[in-house]
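Chemist: based on what follows, work out the 3D shape:
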Amino acid sequence: MRIRWSEGAELQRDEARLRQSSSTRLRQLNRKLREMLELIEQFPEAAKPHPDYNRSDIRMAVVGEYRMSYMILADEIIVISFVHGKSNTAQD
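Modeler: So this is what the prediction gives:
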């Protein structure tokens, strides 16, 4: 299944990469993100349903210190947010 990033999630991901304190931490984040994307591409429902929504098509995956929220559609997955786990937003 194809994975597409929303514009907002893409910006959040890029900001997360810029905030890494070393090249080692950046490589770790990139590896964890790549592994999670490969997993949900094959098994879209691998992550738990997002706790802030009462919908089975919106999921939340933990990627290192970050939470990646995504929506499962018929022919693609859309990443809708990529936020730090300590973020205080009610909904990503």
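
Chemist: quick one: low-confidence parts of the protein?
Modeler: Residue ranges of the chain with pLDDT under 70: 87-92.

Chemist: which helix runs longest in it?
Modeler: In the chain, assigned by DSSP state H, the helix with the most residues is helix 23-42.

Chemist: toward the C-terminus from that one, list the very next helix or strand.
Modeler: Downstream of helix 23-42, the first helix or strand assigned by DSSP states H and E is strand 48-49.

Chemist: check contacts around the most centrally placed residue in the chain.
Modeler: Centroid-nearest residue in the chain, with CA atoms, centre = their mean: Met68, separated by 2.2 Å. Under the criterion of CB atoms under 8 Å, 6 or more residues apart in numbering, the neighbours of Met68 are 9, 33, 36, 60-62, 79, 81-82. C-betas here are computed from N, CA, C, even on glycine.

Chemist: pull out the buried members of those.
Modeler: 9, 33, 36, 60-61, 79, 81-82 (16 or more other CB atoms under 10 Å).

Chemist: restricted to strands, list these.
Modeler: 60-61, 79, 81-82 (DSSP state E).

Chemist: which of the residues in stretch 54-74 are buried?
Modeler: For stretch 54-74, by 16+ other CB under 10 Å, it's 58-61, 63-64, 66-72.

Chemist: what about the closest residue to Gln20 other than its chain neighbours, how many neighbours?
Modeler: Leaving aside its sequence neighbours, Gln20 sits nearest to Leu26 (CB to CB, 6 or more residues apart in numbering; 4.1 Å). The local packing of Leu26 (other CB atoms under 10 Å) involves 15 other residues.

Chemist: thinking Leu26 is in contact with Asp14, fair?
Modeler: No. The pair Leu26 / Asp14 is not scored as a contact, 11.7 Å apart, by CB atoms under 8 Å.

Chemist: how much space between Ala61 and Ser69?
Modeler: 8 Å (CB to CB, to the nearest Å).

Chemist: which residues sit in contact with the nearest residue to Lys86 once chain neighbours are set aside?
Modeler: Distance criterion CB to CB, 6+ apart; nearest residue to Lys86, sequence neighbours excluded, is Glu65 at 7.8 Å. For Glu65, the contact set (CB under 8 Å, 6+ apart) comprises 84-86.
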